[in-house]
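Enquirer: Predicted model follows, preceded by the sequence.
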Amino acid sequence: MSLTLTIVIAVVVIALAFDYTNGFHDAANAIATSVSTRALTPRIALILAAVMNFIGAFLGQKVAQTVSETIDPGVGNDALVVVMAGLLGAIAWNLLTWYYGLPSSSSHALIGGLVGAALAAGATAKWDVVVNKVVIPMVLSPVIAFGLGFAAMIAIMWLFRRANPSRANRGFRLAQTLSAAAMALGHGLQDAQKTMGVIFLALLAGGYVGADDGLPLWVILSAASAISLGTYAGGWRIMRTLGRRIIDLDPARGFAAESVAASVLYTTAYAFEAPISTTHTITSSVMGAGATKRFTAVRWVVARRIVTAWVLTFPMAGLAAAASYVVLAAVVPT
């Protein structure tokens, strides 16, 4: 077995490990609201999220293409080391934020890691792609999700203003099964594709695919499986933050938040090919829907900690990846 093939296999394994951490880190995105409102039991919610994540991974490749175009590491073993270092930086940040129960973005950790490793190696970061399809959507998507979450909940409150509260809650609990499934499907559509894009980048750097080739089926299957297994493993620390510590949700607000977040995920994936953060989207939707109860109902101290983690994700993952590249470049033959 050649050295290049060995490094490619190592990168693929690390990419799938990242995909797994993405699954358990972001499991809360799809199910925390449904679990906190008792619309679904935790185990049923996890099974639903895992299945829909797997299906969502097969629904498109545009986000994967965008991720693979964020950097140009070149070809050869050194280029593979760049990709490997980017993944390690993203994994490190995922684990740190999971430990502290902060719903940060695995997507931005991954792209920040790739950019940080590329800069450390003197490779090319494609700033037009990073700015237009990562940074701008990163800023806009939470704002839009907050506003739409607020507006959707106002509409629900008006439409059901004469409904019996107990009966309405039962109905929205049932509806949350659909909205949670839609959210999990959007998570698979967005996040599994990001790992596919990194694996494709590694295969391209190793000379095993061409730039115009499609994604191999084994890449799609392995990424879908890894994120689904990670989702089933659950992310209980983050689930508590998203489902309970930001605001005490009721079924109607949970339904509004999940429906809005899923809509934003589908729109950005298909219309803009943008790898947005499912974490940012659902958290902002929860805040927007929750703010309709009363503005002080949202625990803004917790929200501020989450936003701080969002801001730090890109640069901190980049720094971790740059440090990983320095170590790997010293020990891996190129």
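Expert: Ah, there it is. Residues are numbered from 1 along each chain as shown.

Enquirer: gap between the two ends of stretch 155-173?
Expert: Using CA to CA, to the nearest Å, the end-to-end distance of stretch 155-173 comes out at 18 Å.

Enquirer: outside of the host helix or strand of residue 186, which residues touch it?
Expert: For residue 186, the enclosing helix or strand under DSSP states H and E is helix 165-187. Applying CB atoms under 8 Å, 6 or more residues apart in numbering, the contact partners of helix 165-187 are 26, 29-31, 33-34, 37-40, 45, 48-53, 55-56, 59, 160, 231, 250-252, 254-255, 258-259, 261-262, 265-266, 269, 278, 282. (Glycine included, C-beta is placed from N, CA and C.)

Enquirer: Can you list the buried residues in whatever helix or strand residue 83 lives in?
Expert: Using DSSP H and E, residue 83 sits in helix 77-99. Judged by neighbour count (16 or more other CB atoms under 10 Å), helix 77-99 contains these buried residues: 77-94, 96-98.

Enquirer: Check which helices and strands that helix sits against.
Expert: Other helices and strands packing on helix 77-99, by 3 or more CB pairs under 8 Å, 6 or more residues apart in numbering; DSSP states H and E, are helix 3-36, helix 106-121, helix 193-206, helix 236-240, helix 300-331.

Enquirer: for those helices, which one ends up most surrounded?
Expert: Ranked by average neighbour count under the criterion mean count of other CB atoms under 10 Å, these are headed by helix 106-121 at a mean of 28.

Enquirer: Paired strands for the helix or strand just after it, with orientation please.
Expert: Moving toward the C-terminus from helix 106-121, the next helix or strand (DSSP H and E) is strand 124-125. Partners of strand 124-125 in the sheet, by DSSP bridges, are strand 71-72 (antiparallel).

Enquirer: Which parts of the helix holding residue 186 count as buried, going by neighbours?
Expert: Going by neighbour count (16+ other CB under 10 Å), the buried part of helix 165-187 is 168-169, 171-173, 175-177, 179-187.

Enquirer: ok, back up a step: show me which of the contacts of helix 165-187 are buried.
Expert: 26, 29-31, 33-34, 37, 39-40, 45, 48-53, 55-56, 59, 231, 250-252, 254-255, 258-259, 261-262, 265-266, 269, 278, 282.

Enquirer: now the angle from the helix holding residue 83 to helix 3-36?
Expert: 20 degrees (axes from the mean of the first three to the mean of the last three CA atoms, to 10 degrees).

Enquirer: quick check: mean pLDDT across helix 77-99?
Expert: Computed over helix 77-99, the mean pLDDT rounds to 90.

Enquirer: what about stretch 275-291, distance to the chain center?
Expert: Mean-position distance between stretch 275-291 and its chain equals 12 Å (CA atoms, centre = their mean, to the nearest Å).
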